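In: A predicted structure for the sequence below; I have some questions about it.
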Amino acid sequence: MEDEEIERYARHLVLREIGGPGQQRLRAASALIVGAGGLGGPAALYLAAAGVGTITLIDPDTVSLDNLQRQIQFATEDVGQPKAAIAAQGLARLNPLVNVRAVQAELTPENAAAVLAGSDVVLDGCDNFETRFAVNAACHRLGKPLISGAVGRWTGQVATFTSGLGKGTPCYQCFVPAIPPDAETCERVGVVGALTGIVGSIMALEAIKWITGAGDPLSGRLLMYDGLAGTSRTLTLHHDPACPVCGQ
């Protein structure tokens, strides 16, 4: 490592679970973040700060005024600008050693394979089930670990799905078999802004653990956080043999 890297990542280098080898793995890794908003924004900032070598942000939207209550990677003057491009600029300022790529597009079943190509880990912080299903199917098919986060009102959840890696664990669609007819969105039910930072940070932590091999990832487990009560719990997720993505 160069002297600048040794100083920048000093707090990682003294961690037994990361150290020099783990930091080298972070530098060599590529992360794809689907959605540059409330969850993808803080996740991306922490991955850039951690020294993940290549970060790709994909998001079709532009910054709106009502985003600023929770999407702290943006400022008032960014309203009307493409989210992915503005977020990428912030990552480059935070850590110029990281290669950042912005894609202003929606991830779909048609382009998912091309978008995911080359990524070592995928983080999904999007706000609609159609995109979540497309990301999940592509990750399963291509053998990519998928870190999925969601928030609503005062609660958040994070899980890591590794069904495409031959581990016998469930995929996202085992957990959510179909789009709920009364699916709640943050626009409909609201969300406390700070919660998105908590969940996005946990997503980044899971990615760092996955890349470096530190600790136990949330593979086959769902972490649920209740912001009002200040409590959390972890549930075991099960593979669905009838799942249209990973089932028999």
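Out: Cool, the structure landed. Treat the numbers as computed from the prediction; the structure is a model and nothing was measured.
In: So which residues of this structure form strands?
Out: All strands of the chain, identified by DSSP state E, fall at 30-34, 54-58, 99-103, 121-124, 146-152, 155-161, 221-226, 231-236.
In: Quick one, which of those strands gets closest to Pro180.
Out: strand 146-152 (11.9 Å; Cβ to Cβ). C-betas here are computed from N, CA, C, even on glycine.
In: State the mean pLDDT of that closest one.
Out: Throughout strand 146-152, pLDDT has a mean value of 97.
In: Just the CA trace of it, in CSV.
Out: The C-alpha trace of strand 146-152 is given here as CSV (Å, rounded to 0.1, in the frame of the first residue of the first chain):
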residue,chain,number,x,y,z
LEU,A,146,-27.3,-9.7,-2.6
ILE,A,147,-27.6,-7.4,0.4
SER,A,148,-31.2,-6.1,0.6
GLY,A,149,-32.5,-3.3,2.8
ALA,A,150,-35.9,-1.8,3.4
VAL,A,151,-37.5,0.9,5.6
GLY,A,152,-40.9,2.2,6.5
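In: Would you give the sheet partners of that strand, along with the direction of each?
Out: Here strand 146-152 is paired, per DSSP bridges, with strand 121-124 (parallel), strand 155-161 (antiparallel).
In: Go through those strands and pick out the most buried.
Out: The highest average neighbour count among the strands paired with strand 146-152, using mean count of other Cβ atoms under 10 Å, belongs to strand 121-124 at a mean of 26.
In: Residues contacting it from elsewhere in the structure, which ones?
Out: 29-35, 39-40, 43, 116, 131-132, 135-136, 139, 144-149, 172, 203-204, 207, 210-211 (Cβ atoms under 8 Å, 6 or more residues apart in numbering).
In: go on, stretch 198-216?
Out: In contact with stretch 198-216 (Cβ under 8 Å, 6+ apart) are residues 15, 17-18, 22-23, 25-26, 29, 31, 38-47, 50, 52, 120-121, 123, 125, 145, 147, 149-151, 156-158, 160, 217-218, 223, 225, 227.
In: Quick one: buried ones out of those residues?
Out: Neighbour-count burial (16 or more other Cβ atoms under 10 Å) applied to the contacts of stretch 198-216 gives 18, 22-23, 25-26, 29, 31, 38-47, 50, 52, 120-121, 123, 125, 145, 147, 149-151, 156-158, 160, 217-218, 223, 225, 227.
In: The nearest residue to Thr131 once chain neighbours are set aside: how many residues sit nearby?
Out: Nearest non-adjacent residue to Thr131, counting by Cβ to Cβ, 6 or more residues apart in numbering: Leu107, 5.6 Å away. As a burial measure, Leu107 scores 26 neighbours (other Cβ atoms under 10 Å).
In: what does Ile208 give?
Out: Ile208, neighbours per other Cβ under 10 Å, totals 25.
In: Contact partners for the residue nearest to Thr131?
Out: With Cβ under 8 Å, 6+ apart, Leu107 has these contacts: 34, 58, 115, 126, 131, 134-135.
In: Ok, Gln81 next?
Out: Contacts of Gln81 (Cβ under 8 Å, 6+ apart): 62-63.
In: ditto for Tyr46
Out: 200-201, 204-205, 208.
In: Please identify which pair of these lies farthest apart.
Out: Pairwise distances across the contacts of Tyr46 (Cβ to Cβ) peak at 12.9 Å, for the pair Gly200 and Ile208.
In: how about the longest helix seen in the chain: buried residues?
Out: In the chain, with assignment by DSSP state H, the single longest helix is helix 193-212. The neighbour-count check on helix 193-212 (16+ other Cβ under 10 Å) flags 195-212 as buried.
In: hang on, the earlier thing: can you put the strands paired with strand 146-152 in a markdown table and add distance to Glu187 and mean pLDDT?
Out: Formatted as a markdown table, the strands paired with strand 146-152 follow (distance: least, Cβ to Cβ, whole Å; pLDDT from 0 to 100):
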| stretch | distance to Glu187 | mean pLDDT |
| --- | --- | --- |
| strand 121-124 | 18 | 98 |
| strand 155-161 | 16 | 97 |
